[in-house]
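Colleague: What follows is a predicted structure for the sequence shown.
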Amino acid sequence: MVEVISIHVTKCAGSSLRLALEQAYAPATVFLMHGDNPANPISRTNIDPEGSAERTRQLYEGLDKNVQAIHGHLDVKKFRFISRSVRRITILRHPIERTISHYYFFRQDHPSGHPIRDYLLRNDLSLLEFARLPVIKNFYRQVFFGGVDRSELDFVSSIEALPQRLPTLCALLDREISLPRENVGSLRAMSPVISDEVLESLANLLTDDIDFYQDWTTA
């Protein structure tokens, strides 16, 4: 029986959270759902929201009875039909750091197919040009959590506060959880090539998401 739904927000330590869940529950009991990413403009959830919601319900009802955790790039609204006894959890990263990490991740030589990445590479976007794209600028407030109230999630932590918040997560899930260190590009590592002027411009572009991040991670 499913006990937890884990929302993997892009470049927010989601891979570490997946590994932690697999260690806590066993890999075979963690069901991964990455094929309907809210941040992909051509995903089913963006093109056909009602069809996507129906598909999610069908997938859920057809899950093996041994599945205990669902993890992936998920629209939490599509799981409102599930009992609130099933915990909803996520980890967030400061929007400036998240955007920088996302930008450099897309600049790497990964297989194409994601329309935002393809657009970035085709037009050789700068960091600021990337950050002003609506799908990036509003990544938290609209793309992943648009129409969602903070109370719908049982656990939200910033990456920085996670070591201190981990006991709370363990108690919530009644599991021993340890988080491996994820290989993410940090702002500190990028700082030699990012000027104060660019960082200030990023802060201005991402104001709404920064406010969202602060509200959700301090609640």
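Modeller: Arrived safely. Residues are numbered from 1 along each chain as shown.
Colleague: contact partners of the helix or strand hosting F105?
Modeller: Using DSSP states H and E, F105 sits within helix 95-107. Around helix 95-107, the neighbours that count as contacts under CB atoms under 8 Å, 6 or more residues apart in numbering are 9-12, 92-93, 114, 116-117, 120-121, 127, 130-131, 136, 139-140, 184-187, 190, 194, 199, 202-203, 206, 209-210, 212-213. For glycine as for every other residue, the C-beta is placed from the backbone atoms N, C-alpha and C.
Colleague: again, but for stretch 168-184
Modeller: 3-4, 11, 13, 15-17, 19-21, 23-25, 87, 89, 101, 154-155, 157, 162, 166.
Colleague: Can you mark which positions in the helix or strand hosting P167 are buried?
Modeller: According to DSSP H and E, P167 maps onto helix 162-173. Residues of helix 162-173 classed as buried by neighbour count (16 or more other CB atoms under 10 Å): R165, L169, L173.
Colleague: likewise stretch 133-143?
Modeller: L133, V135, I136, K137, N138, F139, Y140, R141, Q142, V143.
Colleague: Can you spell out which helices and strands pack onto the helix or strand containing the third one?
Modeller: Assignment of secondary structure by DSSP H and E places I136 within helix 134-137. Other helices and strands packing on helix 134-137, by 3 or more CB pairs under 8 Å, 6 or more residues apart in numbering; DSSP states H and E, are absent; none qualifies.
Colleague: Let me see the mean pLDDT of it.
Modeller: For helix 134-137, mean pLDDT is 98.
Colleague: mind saving the C-alpha coords of the following helix or strand past that helix as PDB?
Modeller: With elements assigned by DSSP H and E, the helix or strand that comes after helix 134-137 is strand 155-158. C-alpha atoms of strand 155-158 as PDB (Å, rounded to 0.1, in the frame of the first residue of the first chain):
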ATOM      1  CA  PHE A 155       6.700  17.900   4.500                       C
ATOM      2  CA  VAL A 156       8.500  20.700   2.600                       C
ATOM      3  CA  SER A 157      12.200  21.500   3.300                       C
ATOM      4  CA  SER A 158      14.900  23.500   1.800                       C
END
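Colleague: So in that sheet, which strands flank strand 155-158, and in what orientation?
Modeller: strand 87-92 (parallel) (DSSP bridges).
Colleague: Now do the partner strand against helix 95-107, angle only.
Modeller: Going by axes from the mean of the first three to the mean of the last three CA atoms, to 10 degrees, strand 87-92 is angled at 80 degrees with respect to helix 95-107.
Colleague: Now do strand 87-92 against helix 162-173, angle only.
Modeller: 170 degrees.
Colleague: starting at the chain centroid, how far to strand 87-92?
Modeller: Here the centre of strand 87-92 is set off from its chain's centre by 9 Å, with CA atoms, centre = their mean, to the nearest Å.
Colleague: following the lowest-mean-pLDDT helix or strand in the chain, which helix or strand shows up next?
Modeller: Among the helices and strands of the chain, helix 187-190 carries the lowest confidence by mean pLDDT, DSSP states H and E, at a mean of 48. Following helix 187-190 in sequence order, the next helix or strand is helix 196-205 (DSSP H and E).
Colleague: and whichever helix or strand comes after that following helix, what does it pack onto?
Modeller: Where DSSP H and E defines the elements, the next helix or strand beyond helix 196-205 is helix 207-218. Under the contact criterion of 3+ CB pairs under 8 Å, 6+ apart, helix 207-218 touches strand 87-92, helix 95-107, strand 155-158.
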